[in-house]
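# below are the sequence and a predicted model; questions follow.
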Amino acid sequence: MAITRLTDIITVFDSKWTYGDVKFGYDGEVNQDHDTQYPLMLVNPPESVMPVVYDGREEYSFEINFYNLYSQAAQSVVTLQKRWDNLQDLSNEWLDMVLKNYQDVTVEAYLNDESIEIERIKDTQNDKLVQIKLVFTMSAFTKCFRPVSNYPSDFADLVVWLRADSGVTFDIPTKRVSAWADKSGQGSDVEMIFTANQPLRYGYGGINDKAYIEFDGTNDGLLSSNNLPIKNDFTIFEVSEIQNDNGSVFYYQNGNSSISFGTILGGQLQVEVIDEGSKVIATKTDINIKGKPHIGVLKKNNKRIDLDYYDSSNSSTTTNNNSGFDNTQDFDKSTFKVGTEGAASNFLSGELNELIIFNRSLSDAEIADIKGYLNLKYKIY
């Protein structure tokens, strides 16, 4: 593994300090609630630079503060120097354990030479404390700045790309969403003009603390401004956390033909495609997916559909086909819906983060690349 975010480094720092409490924050926040278990390690939010951006290397300048109690009574049995020495021993042991974690050549992080500084402080913060301040620079390899990532827009025939972190028109006080702009460039925007039926948009707190659109399961839904721009074959990706049975993520219908993607009774994720002659291709997961942040992928190829499903502990691929299905059927004759199948029917309860649709059956390699993009972003599995 390589270092990808500051969170990865802080997680290692936290796990290697086993002697007392750990806090990620600022000096003034030490023991504000007077419930700290000492010794305390405080990791200050670091400054960083990227000296060689095309190598993806980021230099974090860390200030780590270690605290222990040193009351007036303690001075009769232990010297100040000894208390500092013991605290420094713990900090040295901690740093050794951190560096050992990064000995594996597949993990790219190391301590910069001649970068460690130590300062000793007494009677600090909200308690009578002794403090060791450890300052050092650590190089870690984060995202490379060469354009090597794969995004949905890198692949041909992208026709719908709704992402909760971009293009959402909503009322700030109420969070109600009136429009959600398509980022595919095909104008596949969705909207809801009736305030009572508008879902809510949150800028954080969703899957992996990302932005999300929240549907209430009662009457929320969004309708596309234009017809669904897909023909015979297609691929649909969704990232969501569904809380209910019969919760619709995506729905299209024209006459007898339809495409549906959502949960059914029992909480299984099901995809269903029906032609104008009511010939059905359908498949579903074998587990209840309610309450599980996940990636779902529907691929239709000729008279066959595949459903790929991934959450933090489960993955599955289910397949079905129907030789009688009319594959001359196009699905561009009507609008599509997000979060509902229509009036008073199968409303989604839960959060929707991303919906991506391609007007063709993607290859396995292309699907893997887009799943990789989604998993890197949402940390599903």
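Received, thanks.
# okay, and for the stretch 201-350 of the chain, where does confidence drop off?
By pLDDT under 70, the stretch 201-350 of the chain has no low-scoring segment.
# direction included, what does the one helix or strand residue 272 maps to pair up with?
In this assignment (DSSP states H and E), residue 272 forms part of strand 269-274. Next to strand 269-274 in the sheet, as set by DSSP bridges, lie strand 257-263 (antiparallel), strand 280-284 (antiparallel).
# roughly how far is that strand from the heart of the chain?
The chain centroid and the centroid of strand 269-274 are separated by 25 Å under Cα atoms, centre = their mean, to the nearest Å.
# got the CA positions of that strand in PDB?
What follows is strand 269-274 as a C-alpha-only set of coordinates in PDB (Å, rounded to 0.1, in the frame of the first residue of the first chain):
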ATOM      1  CA  LEU A 269     -30.800  -5.100  -4.500                       C
ATOM      2  CA  GLN A 270     -32.500  -5.900  -7.700                       C
ATOM      3  CA  VAL A 271     -32.200  -4.800 -11.300                       C
ATOM      4  CA  GLU A 272     -34.900  -5.400 -13.900                       C
ATOM      5  CA  VAL A 273     -35.100  -4.600 -17.600                       C
ATOM      6  CA  ILE A 274     -38.400  -5.100 -19.500                       C
END
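# what's next to that strand, contact-wise?
242, 256-264, 280-285, 289, 294, 296, 298, 300, 305, 307, 309, 325 (Cβ atoms under 8 Å, 6 or more residues apart in numbering). (Glycine included, C-beta is placed from N, CA and C.)
# torsion angles phi and psi at the nearest residue to residue 20 once chain neighbours are set aside?
Spatial nearest neighbour of residue 20, chain neighbours left out: residue 39 (4.2 Å); criterion: Cβ to Cβ, 6 or more residues apart in numbering. When read as degrees, to the nearest 10, the backbone of residue 39 gives phi -70, psi 150.
# what about residue 39, distance to residue 12?
18 Å (Cβ to Cβ, to the nearest Å).
# which one of those two has more residues nearby?
Between residue 39 and residue 12, counted using other Cβ atoms under 10 Å, the more crowded position is residue 39 (21 against 18).
# surely that one meets residue 19?
Yes - using Cβ atoms under 8 Å as the test, residue 39 is close enough to residue 19 to be in contact (5.1 Å).
# report the set of residues contacting both of those two.
By Cβ under 8 Å, 6+ apart, the residues touching both residue 39 and residue 19 are residue 90.
# ok, back up a step: need the winner for burial among the strands paired with strand 269-274.
strand 257-263 (a mean of 23; mean count of other Cβ atoms under 10 Å).
# pull the distance from it to the chain's centre.
With Cα atoms, centre = their mean, you get 25 Å for strand 257-263.
# what lies in contact with that strand?
With Cβ under 8 Å, 6+ apart, strand 257-263 has contacts from 228, 234, 236, 238, 242, 244-252, 269-276, 289-290, 296, 298, 329, 331, 333, 336, 341, 346, 348.
# for stretch 158-167, C-alpha coordinates in PDB please.
Extracted C-alpha coordinates of stretch 158-167, given in PDB (Å, rounded to 0.1, in the frame of the first residue of the first chain):
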ATOM      1  CA  LEU A 158     -21.100   8.700 -20.800                       C
ATOM      2  CA  VAL A 159     -24.600  10.100 -20.800                       C
ATOM      3  CA  VAL A 160     -25.500  10.700 -17.100                       C
ATOM      4  CA  TRP A 161     -23.200  11.700 -14.300                       C
ATOM      5  CA  LEU A 162     -24.900  12.900 -11.100                       C
ATOM      6  CA  ARG A 163     -22.600  13.500  -8.200                       C
ATOM      7  CA  ALA A 164     -23.700  14.900  -4.900                       C
ATOM      8  CA  ASP A 165     -20.500  17.000  -4.500                       C
ATOM      9  CA  SER A 166     -21.100  19.000  -7.600                       C
ATOM     10  CA  GLY A 167     -23.800  20.800  -9.600                       C
END
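# go through it and flag the buried ones.
158-164 (16 or more other Cβ atoms under 10 Å).
# now stretch 271-291
271-275, 279, 281-285, 287, 289-290.
# next one: stretch 212-232
Buried, per 16+ other Cβ under 10 Å, within stretch 212-232: 212-217, 219-224, 228-230, 232.
# how about residue 377, secondary structure?
When classified by DSSP: H, G, I helix; E, B strand; the rest coil, residue 377 comes out as helix.
# and the helices in the chain?
6-16, 80-101, 364-378 (DSSP state H).
# hang on, the earlier thing: among the buried residues of stretch 212-232, which two are most distant?
216 and 232 (34.8 Å; Cβ to Cβ).
# how about the contacts made by the residue nearest to residue 20?
19-20, 66-68, 87, 90.
# buried subset of the residues you listed?
19, 66-68, 87, 90.
# how about stretch 371-381: buried residues?
Neighbour count says stretch 371-381 has 371, 373-374, 377-380 buried, by 16+ other Cβ under 10 Å.
# and what of stretch 240-249?
Buried, per 16+ other Cβ under 10 Å, within stretch 240-249: 240-249.
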